[in-house]
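Peer 1: Need coordinates for the following:
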Amino acid sequence: MNEQQQRQVDHERAQRRENPDPTEGERPFPQPLMAVVIGLVAWGIGYIYVTQSNDDAAFGDHRTLATLQGPAPGARVDGAQIYNAQCVACHQASGLGLAGVFPPLAESEWVTGDPKRLAQIVLHGVSGPLTVKGAAYNGMMPSFKDKLDDAELAALLTHIRSQFGNRAQAVDAKLVLDARSASADRTAPWKGDDELASFK
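Peer 2: Modelled structure (predicted):
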């Protein structure tokens, strides 16, 4: 065997020792994975079909135009719903607030006292030192005059004056309207005890 033949034999032996090059060949796509893919596609089609709505697609869900427009004129406004949407984060579901941070509404003299003063507080908010049930608070309550109309504010005030152990009279939209008109020029929140004392 000459040198060239020897090299050819060595080369063939070296090739036999190596693993074959990978090939896709006729290996099938894994059947379990194929079943999962088909299942997901079928589920997606079914989900789209089941969740179809007759509403304008711009709404993005099942809400109707009437739902988005809010209650019809004259409909009863839910003060508890407004409280949960606007107030519960600070004053808590219990109405007890957070000690030293957010004052309580439960058995608060500001809540059960003069409803005109309470309307002013909610309309314009409060900034600075405020004493509630003998405890001092120094925070910032936002204004709701531009967020809620008179009926909504009246429902909210009625709710907090009748919950959390409070037993004060209801507030009507006329009282809120009068309070709004009386302070229509006000652009800043009430400065705590100092300014609100005039309502006591």
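Peer 1: separation between the residue nearest to residue 144 when sequence neighbours are not counted and residue 49?
Peer 2: When the adjacent residues along the chain are set aside, residue 144 lies closest to residue 122, with 5.3 Å between them (C-beta to C-beta, 6 or more residues apart in numbering). C-beta coordinates here come from the backbone N, C-alpha and C atoms, glycine included. Distance of residue 122 to residue 49, given as C-beta to C-beta, to the nearest Å: 47 Å.
Peer 1: Show me the helices in this structure, by range?
Peer 2: 3-17, 31-50, 65-69, 79-86, 88-91, 109-112, 115-124, 150-162, 173-182, 192-196 (DSSP state H).
Peer 1: And these: which comes nearest residue 131?
Peer 2: helix 192-196 (5.6 Å; C-beta to C-beta).
Peer 1: buried ones in that closest one?
Peer 2: 192-193, 195-196 (16 or more other C-beta atoms under 10 Å).
Peer 1: Stretch 95-104 now?
Peer 2: Across stretch 95-104, burial judged by 16+ other C-beta under 10 Å covers 95-97, 102-104.
Peer 1: And those, which is closest to residue 172?
Peer 2: residue 95 (21.7 Å).
Peer 1: Could you find the closest non-adjacent residue to the closest one?
Peer 2: residue 164 (3.2 Å).
Peer 1: same deal with residue 93?
Peer 2: Leaving aside its chain neighbours, residue 93 sits nearest to residue 84 (7.6 Å; criterion: C-beta to C-beta, 6+ apart).
Peer 1: how close does the one you found sit to residue 10?
Peer 2: For residue 84, the distance to residue 10 (C-beta to C-beta) stands at 85 Å.
Peer 1: can you count the residues close to residue 84?
Peer 2: 13 (other C-beta atoms under 10 Å).
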